[in-house]
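Student: Sequence first, then the predicted structure, then my questions.
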Amino acid sequence: MKKHNFNAGPSILPREVIEKTAQAILDYNGSGLSLMEISHRAKDFQPVVDEARALFKELLGIPDGYSVLFLGGGASLEFCMVPYNFLEHKAAYLNTGTWAKKAMKEAKGFGEVVEVASSAEDNYTYIPKGYTVPADADYFHITTNNTIFGTELRKDPDVNVPLVGDMSSDIFSRPVDVSKYICIYGGAQKNLAPAGVTFVIVKDDALGKVSRQIPTMLNYKTHVDAGSMFNTPPVVPIYAALQTLRWLKAQGGIPEMERRAIERADMLYAEIDRNKLFQGTAAAEDRSRMNICFVMSPEYRELEADFLQFATSRGMVGIKGHRSVGGFRASCYNAMPRESVQALIDCMRDYERQH
């Protein structure tokens, strides 16, 4: 039976990325050595980092004056590194979910933090609007896609201060005006690579502005100057990221990824809205294209466990919702084929016919 991988992360990757990485793990470039056992300073690995960096810049249209870094620690470490490097007096945060809240918590150890708006009182079912960002903030931090609650910002905000964006789960799914940001970061385990590498896009002239002493490993400039090679980088995930970036370009780049994301989301949300058994959890105007969250309609709530078992028996993997939301979550990242979304829709329709 075919499996349809809707896991929220680590998540689906293009099949050819998995196969090419697996081959390199067995024998890297005909060297007789595994990718897992070569030096990160080997002459035939440096081109991997160089090409991955170049493709990042090409696909996202990153302007001159920005560096692309491949680091460890996940987005959770970036919650700390961002204020370490950029917060001198005050930072503004938009609280749209669990990860935004965690990022804000870390920043409070480095200076004043202003929560410009929050949707916590409604369990993060919408993106706040109409807020004011303090003009004297060192930066304004946003989490562009909220994996747990299924909401997404699909436009880069127009604000009067530099932007910082956590784009862990929607990077490469839509165009981004990188010039508005001083830093964009994310864990790779959703739209880019297996867990183990973190991407950071940082504006070079925004560094070195804070007065505090920054530990060497937590200083972005350390990694800019060393080309992501200050310490041993996660070799296998970086190689897999390169294969994904090549795949993205071959598929048509960001415009094609956005087209597919819209198509998948429109298909599944239409079924959720049509099917009497289910209902969406996020405000319609803020629905995520990457993480589609839904629950059983109130009168059918007792069928939740039964539908999950039914869907699992049909090859649906990872659709159980986060424990803080319940229900179901279909994560539809870039590598998700349209056919898998259709299979979930067919599953929902078949279950509807039975009830």
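Tutor: Yes, it's here.
Student: isn't Leu77 right up against Thr198?
Tutor: Yes - the pair Leu77 and Thr198 passes the contact test of C-beta atoms under 8 Å, sitting 7.0 Å apart. C-beta coordinates here come from the backbone N, C-alpha and C atoms, glycine included.
Student: what about Ile214, distance to Lys203?
Tutor: Applying C-beta to C-beta, to the nearest Å, one obtains 16 Å for the distance of Ile214 from Lys203.
Student: actually Leu33, not the one I wrote
Tutor: Distance from Leu33 to Lys203, counting by C-beta to C-beta: 37 Å.
Student: more neighbours, those two?
Tutor: Between Leu33 and Lys203, counted using other C-beta atoms under 10 Å, the more crowded position is Lys203 (20 against 14).
Student: what pairs with the more buried one across the strands?
Tutor: Tyr66 (DSSP bridges).
Student: Quick check, pLDDT for it.
Tutor: Note on Lys203: pLDDT of 98.
Student: State the distance from it to Ala52.
Tutor: 19 Å.
Student: Identify the contacts common to Leu77 and Thr198.
Tutor: Leu71 (C-beta atoms under 8 Å, 6 or more residues apart in numbering).
Student: neighbour-wise, which of those two wins?
Tutor: Each of Leu77 and Thr198 has its neighbours counted (other C-beta under 10 Å); Thr198 has more, 26 against 17.
Student: Tell me what that one is bridged to.
Tutor: Beta-bridge pairing of Thr198 under DSSP bridges involves Leu71, Gly187.
Student: Which parts of the stretch 101-250 of the chain are helices?
Tutor: 220-225, 235-251 (DSSP state H, counting those that start in this stretch).
Student: tell me which residues of the shortest one are tucked away?
Tutor: Which is helix 220-225. Under the neighbour-count criterion of 16 or more other C-beta atoms under 10 Å, helix 220-225 has 220, 222-224 buried.
Student: What of stretch 116-135?
Tutor: 116-119, 124-128, 133-134.
Student: Show me what Asp166 is bridged to.
Tutor: The partner residues for Asp166, given DSSP bridges, come to Thr143, Tyr185.
Student: did I read that right, Leu303 in a helix?
Tutor: Yes - the assignment for Leu303 is a helix, going by DSSP: H, G, I helix; E, B strand; the rest coil.
Student: close enough to count as contact, it and His355?
Tutor: Yes - counting by C-beta under 8 Å, Leu303 does reach His355; the two are 6.6 Å apart.
Student: More neighbours: these two, which one.
Tutor: Just comparing Leu303 and His355: by other C-beta under 10 Å the higher neighbour count belongs to Leu303, 16 against 10.
Student: so who does the closest residue in space to that one that isn't next to it in sequence touch?
Tutor: Using C-beta to C-beta, 6 or more residues apart in numbering and skipping residues adjacent in sequence, the residue nearest Leu303 is Met296, 5.7 Å away. Going by C-beta under 8 Å, 6+ apart, Met296 touches 277-279, 303-304, 307, 327.
Student: give me the beta-bridge partners of Met296?
Tutor: Under the criterion used (DSSP bridges), Met296 bridges to Phe278.
Student: ok, now Arg329?
Tutor: Cys293.
Student: Can you check the pLDDT for it?
Tutor: At Arg329, pLDDT is 98.
Student: picking up where we left off before, could you dump the buried residues of helix 220-225 into JSON lines and include pLDDT?
Tutor: Below are those laid out as JSON lines (pLDDT from 0 to 100):
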{"residue": "Tyr220", "pLDDT": "98"}
{"residue": "Thr222", "pLDDT": "98"}
{"residue": "His223", "pLDDT": "98"}
{"residue": "Val224", "pLDDT": "98"}
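Student: any idea which of the helices of the stretch 101-250 of the chain is most buried?
Tutor: With neighbours defined by mean count of other C-beta atoms under 10 Å, none of the helices of the stretch 101-250 of the chain is more surrounded on average than helix 235-251, at a mean of 21.
Student: Of the contacts of Met296 - the most surrounded one?
Tutor: Highest neighbour count within the contacts of Met296: Phe307, with 23 neighbours (other C-beta under 10 Å).
Student: these two touch, right, it and Tyr351?
Tutor: Yes - counting by C-beta under 8 Å, Phe307 touches Tyr351, with 5.7 Å between them.
Student: shared neighbours of the two, anything?
Tutor: Common neighbours of Phe307 and Tyr351 (C-beta under 8 Å, 6+ apart) are Leu277.
Student: ok and the longest helix along the chain relative to helix 235-251, angle-wise?
Tutor: Longest among the helix segments of the chain by residue count, using DSSP state H, is helix 253-274. Between helix 253-274 and helix 235-251, the angle comes out at 90 degrees (axes from the mean of the first three to the mean of the last three C-alpha atoms, to 10 degrees).
Student: So which elements touch helix 253-274?
Tutor: The elements that helix 253-274 packs onto, with contact taken as 3 or more C-beta pairs under 8 Å, 6 or more residues apart in numbering; DSSP states H and E, are helix 46-60, helix 235-251, strand 278-280, strand 291-296, helix 338-354.
Student: quick one: which of the ones you listed is nearest Arg154?
Tutor: strand 291-296 (13.1 Å; C-beta to C-beta).
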